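> Below are the sequence and a predicted model for it; my questions follow.
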Amino acid sequence: MDRCRRILRVALAAAAILALGVGSAAASRGFQVEEAGRSAAEAREYQIRIGELTITCDVVRFISLHRTISKVALSLAGFVERVEVRNCRNGTLRVLQALLPWHMQYQSFTGTLPSITGIRMRVIGLGWLIEAHSGIARCLYVGNVEAEISIVRSTLVTIEYREVSIPLFEGSLSLIPCPSEMQMSGRLRLPGNARIRLI
């Protein structure tokens, strides 16, 4: 009988500890980014598709995350401050500098608290000018896209865009019709010095 009571007490204590851990994780206000600041996120074979044409470029985005990210949808989490595009094939991709910085808004997280595997972001106000076919096609696309920052062992490792679409801007000046939207996909590698934890 005494042995059964001891087992029951241990089981109840373990359940209480687990409940406390889950409750504190669920009640967390957000995330703290250690080594927050500007990071260069790089991608090779970054793809842009308009109609049947695929343009591939190397892209570097200079990203600044806030030290504290609130776990509230659409709260501001950081900025894309600068973008560099190099070595394009099948066309030219230019960023609209006047629209920078792009705002990064928190959307949600993936995985299970307290060990999350990713943070979904909404990037606001992207602007791309695409030139192709020897400059005959000049298509301007402006809009917002979804992205996901992947997390491995509390370290921010990549930012991925999975076939996101950006609509054609009405003011595009092209000698031939532009497709109504462009598709963008790519995985940008982060330097691996930024870590994240619950607060």
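Great, that's in hand.
> okay, now the residue nearest to His66 when sequence neighbours are not counted: neighbour count?
In space, and not counting its chain neighbours, His66 is closest to Gly78: 5.3 Å by Cβ to Cβ, 6 or more residues apart in numbering. Bear in mind the C-beta positions are built from the backbone N, C-alpha and C, glycine included. As a burial measure, Gly78 scores 25 neighbours (other Cβ atoms under 10 Å).
> List the residues that contact Gly78.
63-66, 69, 104 (Cβ atoms under 8 Å, 6 or more residues apart in numbering).
> Report the buried members of these.
Buried by 16 or more other Cβ atoms under 10 Å: 63-66, 69, 104, out of these.
> What is the nearest of the residues you listed to Thr56?
Using Cβ to Cβ, Ile63 comes nearest to Thr56 of the buried ones among the contacts of Gly78, at 21.5 Å.
> check contacts around that closest one.
If you count contacts by Cβ under 8 Å, 6+ apart, then Ile63 has 38-41, 78-81, 104, 159, 190 around it.
> just Gly30 next, same as before
Applying Cβ under 8 Å, 6+ apart, the residues contacting Gly30 are 68-72, 106, 198-199.
> One more: His66?
Counting by Cβ under 8 Å, 6+ apart, His66 has contacts 33, 36, 76-78.
> What about the contacts of Gly30, which one has the most neighbours?
The most crowded member of the contacts of Gly30, judged by other Cβ under 10 Å, is Ile69 (24 neighbours).
> Kindly provide the distance from that one to Ile119.
The gap separating Ile69 from Ile119 is 8 Å, by Cβ to Cβ, to the nearest Å.
> what stretches of the protein score poorly on pLDDT?
In the predicted model of the chain, residues 1-27, 36-37, 171 satisfy pLDDT under 70.
> Do a quick rundown of the helices in it.
Here the chain has its helices, by DSSP state H, at 2-26.
> Would you map the strands across it?
Secondary structure of the chain by DSSP state E: the strands cover 30-34, 38-50, 53-65, 68-70, 76-89, 92-95, 102-112, 115-132, 137-152, 155-167, 181-189, 195-198.
> Just the buried residues of the last one, please?
When you say that, I think you mean strand 195-198. Applying 16+ other Cβ under 10 Å to strand 195-198 flags 196, 198 as buried.
> What of the third one?
Of the residues in strand 53-65, 53, 55-65 count as buried by neighbour count, 16+ other Cβ under 10 Å.
> can you list these in CSV and add distance to Leu175?
Putting the buried residues of strand 53-65 into CSV (distance: Cβ to Cβ, whole Å) gives the following:
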residue, distance to Leu175
Leu53, 15
Ile55, 18
Thr56, 23
Cys57, 23
Asp58, 28
Val59, 27
Val60, 31
Arg61, 31
Phe62, 34
Ile63, 35
Ser64, 38
Leu65, 41
